[in-house]
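> give the three-dimensional model of this entry:
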Amino acid sequence: MEQRFKKEGKYTYFESGEGIPIIVLHGLMGGLSNFGGVADFFPKHGYKVVIPELPLYTQNILKTNVKAFARFVKDFITFKGFDKVILLGNSLGGHVALYHTKMYPEKVIGMVLTGSSGLYESAMGDTYPKRGDYEYIKLKTQGVFYDPEMATKEVVDEVFNIVNDRIKVIKTLTIAKSAIRHNMAKDLPKMTIPTCLIWGKNDKVTPPEVAEEFHKLLPNSDLYWVDKCGHAAMMEHPTEFNRILLEWLQKTKF
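Here you go, the predicted structure:
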């Protein structure tokens, strides 16, 4: 995927395919490559997949929060000239999708949330490992997945580098506090657009009851479970994730 990143102005992003744009929003510890399965699959089925790099660590500390990232996404959609989009977010990316839809609903016709934050933030502290030795970081990273083998050296290295970079740690904690402040529980009942919830049955970061709560509060939502799966269904079970999402997109007539 890296070879296909575009850089235009302040935006770095991946883009492939033609059709309704599916804007993919990554999480705090997750790079764009986590969505490789989505990026390869949906352009073949008549959708445009666009994955912008969120400015988690590059903006002023005052713009390091859920609200500012939602504005960044709005500006990106305007920059690209998209008229109607579907937002797909994992973890923090799901929270940004929700806040964007609250603030700027005009162009969002659908949402896909997987392991999204926005309701349950007490787990967030556990997902940001403190600075420590490599084995500790590896153990914490493995806990994000059902299958610990998913925490490859590349994935662990990425997390290790973040938690040992003082500025990134400060910004990570700033984002975590912002996520707690921007709880979406009161906003969800007003969001009537079709929403697809795809959740790992073994997610320890945003457990299954969080998915149930999203499903209860979002009036036009469908909930799908992925078995033997942790916090990142699109990484652990890309085939199943894509099958569920395509089925939902076709059912919803997108």
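
> show me where the stretch 1-150 of the chain has its strands.
Counting by DSSP state E, counting those that start in this stretch, the stretch 1-150 of the chain has these strands, from start to end: 5-8, 11-16, 20-25, 47-52, 85-90, 108-114.

> could these go into JSON lines alongside distance to I162 and mean neighbour count?
From N, CA and C alone the C-beta is placed, and that goes for glycine too. What follows is these, written out as JSON lines (distance: least, CB to CB, whole Å; neighbours: other CB atoms under 10 Å):
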{"stretch": "strand 5-8", "distance to I162": "19", "mean neighbour count": "10"}
{"stretch": "strand 11-16", "distance to I162": "18", "mean neighbour count": "17"}
{"stretch": "strand 20-25", "distance to I162": "18", "mean neighbour count": "24"}
{"stretch": "strand 47-52", "distance to I162": "19", "mean neighbour count": "22"}
{"stretch": "strand 85-90", "distance to I162": "17", "mean neighbour count": "26"}
{"stretch": "strand 108-114", "distance to I162": "21", "mean neighbour count": "24"}
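
> looking at those strands, which is nearest to A232?
Evaluated over the strands of the stretch 1-150 of the chain, closeness to A232 peaks at strand 85-90, with 6.1 Å, by CB to CB.

> low pLDDT regions in the stretch 151-254 of the chain?
Low-confidence regions of the stretch 151-254 of the chain, defined here as pLDDT under 70, do not occur.

> now do the strands in it.
Using DSSP E, counting those that start in this stretch, the strands of the stretch 151-254 of the chain run over residues 195-200, 221-226.

> on that earlier part again, rank the strands of the stretch 1-150 of the chain by pLDDT, which is bottom?
When mean pLDDT is averaged over each of those, strand 5-8 scores lowest at a mean of 91.

> other SSEs contacting that strand?
Using 3 or more CB pairs under 8 Å, 6 or more residues apart in numbering; DSSP states H and E as the contact criterion, the secondary-structure elements in contact with strand 5-8 are strand 11-16.

> pull up the pairing partners for the strand it packs on, direction included.
Partner strands for strand 11-16, per DSSP bridges, with pairing direction: strand 5-8 (antiparallel), strand 47-52 (antiparallel).

> quick check, I61 in contact with T172.
No: here I61 lies out of contact with T172, judged by CB atoms under 8 Å, at a distance of 11.6 Å.

> what residues sit buried inside stretch 150-158?
Within stretch 150-158, the residues that qualify as buried by neighbour count (16 or more other CB atoms under 10 Å) are 150-151, 155-156.

> repeat that for stretch 227-239.
Across stretch 227-239, burial judged by 16+ other CB under 10 Å covers 229-238.

> make TSV out of these and add distance to F82.
Output for the buried residues of stretch 227-239, formatted as TSV (distance: CB to CB, whole Å):
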residue	distance to F82
C229	30
G230	31
H231	28
A232	26
A233	25
M234	21
M235	26
E236	29
H237	29
P238	25
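
> which two of those have the greatest separation?
Comparing the members of the buried residues of stretch 227-239, the greatest separation, given CB to CB, is between H231 and P238, at 14.5 Å.

> end to end on stretch 56-66, go ahead and measure it.
One end of stretch 56-66 sits 10 Å from the other (CA to CA, to the nearest Å).

> ok, residues contacting that stretch?
The set of residues external to stretch 56-66 that reach it, using CB atoms under 8 Å, 6 or more residues apart in numbering, is 28, 55, 68-69, 92, 95-96, 99, 167-168, 170-172, 174-175, 178-179, 181-182.

> pull out the buried positions in that stretch.
In stretch 56-66, the ones that count as buried by 16+ other CB under 10 Å are 56, 59, 64-66.

> tell me which of those residues fall in helices.
Helix and strand membership here follows DSSP state H; of these, those in helices are V66.
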